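Asks: Fold the following, please.
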Amino acid sequence: MTKTYKRLLSSVTCIFILILCLISTAFADAEHDAEEALRHAVNEISYTLKNASLQNVNEDSAVIADLEKMILNIFSMEEFSMRTVGRKWHSFTPTQKAKFKDAFIELLKVTYFKHVREYDGQNLAILGSRSNKGGTKVEVRTSVNYKNEDVPVNYRMLDENGKWMVYDVLVEGVSLVKNYRIQFKELLRKGTPEELIAKLQEKAQRVRQQQATVDTK
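Replies: Sure thing, here's the model as predicted:
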């Protein structure tokens with residue numbers, strides 16, 4: 001091996017190592033930034049819940065409106081909607097996409113916000129995260145203590161215009177996006193985007209009526 005070849009090899013090796021270091025740093029920054037974005041959102045939501053009177057809270061309560069804004073500030077409903085619909089999303093018109101997102105948000109709101117009253121100071125612990133090869137997506141691992149059990153909840157996040165946003169949630173390994181996509185795939189196989197939107201609206205209304213019946217008992 002000639003001296004020239006050795007010097008060239010050393011230079012290439014140094015550059016390669018430098019690139020690896022830079023990539024590693026980028027991944028670390030992405031993971032840190034995603035964790036911080038999630039931590040800030042969780043702290044904000046927890047503070048609101050702890051300082052609210054949840055006994056008589058309902059869908060029209062001011063605290064629900066505040067929580068909705070906070071959640072939509074950390075959740076990318078564009079990405080969430082696109083992934084739940086799957087390939088058919090590209091066949092939706094801009095109007096249909098907007099109507100679907102509104103209907104989907106309404107369904108999620110009435111489905112999950114009814115559990116707000118169950119909040120009892122549960123804490124979310126961030127356990128770490130991992131990024132994809134490009135550092136554009138991060139999965140943040142967390143644990144929530146619920147009824148004396150630590151439940152694993154992972155948040156999949158992406159960089160959306162310089163802001164880390166959640167696009168999927170995995171509870172004990174079960175993907176929220178995948179769960180809805182299975183349901184929507186069957187509906188779209190037989191129907192149209194407008195029919196899917198109508199079914200979401202109908203389902204949200206049924207859940208709302210069921211909850212109203214429970215509240216009056």
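
Asks: switch to C-alpha atoms for all contacts and neighbour counts from now on
Replies: OK.

Asks: Tell me the helix or strand right after the strand or helix carrying residue 186.
Replies: Per DSSP states H and E, residue 186 falls inside helix 176-190. Later in the chain than helix 176-190, the nearest helix or strand by DSSP H and E is helix 193-216.

Asks: what residues does that next one touch?
Replies: 92, 96, 99-100, 103-104, 106-107, 110-111, 114, 184, 187-188 (Cα atoms under 8 Å, 6 or more residues apart in numbering).

Asks: So which of the residues you listed sit within helices?
Replies: 96, 99, 100, 103, 104, 106, 107, 110, 111, 184, 187, 188 (DSSP state H).

Asks: Leaving out chain neighbours, which residue sits closest to the last one?
Replies: When you say that, I think you mean residue 188. Leaving out its chain neighbours, the residue that sits closest to residue 188 by Cα to Cα, 6 or more residues apart in numbering is residue 196, at 6.7 Å.

Asks: okay, now that neighbour: neighbour count?
Replies: Residue 196 has 20 neighbours, counted by other Cα atoms under 10 Å.

Asks: if we can go back for a sec, could you dump the contacts of helix 193-216 to a markdown table with pLDDT and neighbour count?
Replies: As requested, the contacts of helix 193-216 are exported to a markdown table (pLDDT from 0 to 100; neighbours: other Cα atoms under 10 Å):
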| residue | pLDDT | neighbour count |
| --- | --- | --- |
| 92 | 95 | 16 |
| 96 | 96 | 15 |
| 99 | 96 | 17 |
| 100 | 96 | 24 |
| 103 | 93 | 21 |
| 104 | 91 | 18 |
| 106 | 89 | 16 |
| 107 | 87 | 21 |
| 110 | 81 | 20 |
| 111 | 79 | 15 |
| 114 | 66 | 16 |
| 184 | 91 | 20 |
| 187 | 87 | 15 |
| 188 | 90 | 15 |
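
Asks: ok, of the residues you listed, which one's closest to residue 43?
Replies: residue 114 (20.3 Å; Cα to Cα).

Asks: Give me the most central residue, the chain.
Replies: residue 166 (3.2 Å; Cα atoms, centre = their mean).

Asks: roughly how far apart are the residue nearest to residue 188 and residue 128?
Replies: Distance check for residue 196 against residue 128: by Cα to Cα, to the nearest Å, it reads 37 Å.

Asks: circling back to that earlier point, the residue nearest to the centre of the chain falls within a helix, correct?
Replies: No - secondary structure of residue 166 (DSSP: H, G, I helix; E, B strand; the rest coil): strand, not part of a helix.

Asks: So it sits against residue 154, correct?
Replies: No - between residue 166 and residue 154 there is no contact under Cα atoms under 8 Å: 10.1 Å.

Asks: tell me how far the longest strand along the chain is from the chain's mean position?
Replies: Looking across the chain with DSSP state E, the single longest strand is strand 149-160. How far strand 149-160 lies from its chain's middle: 7 Å, per Cα atoms, centre = their mean, to the nearest Å.

Asks: I'm done for today, thanks for sticking with me.
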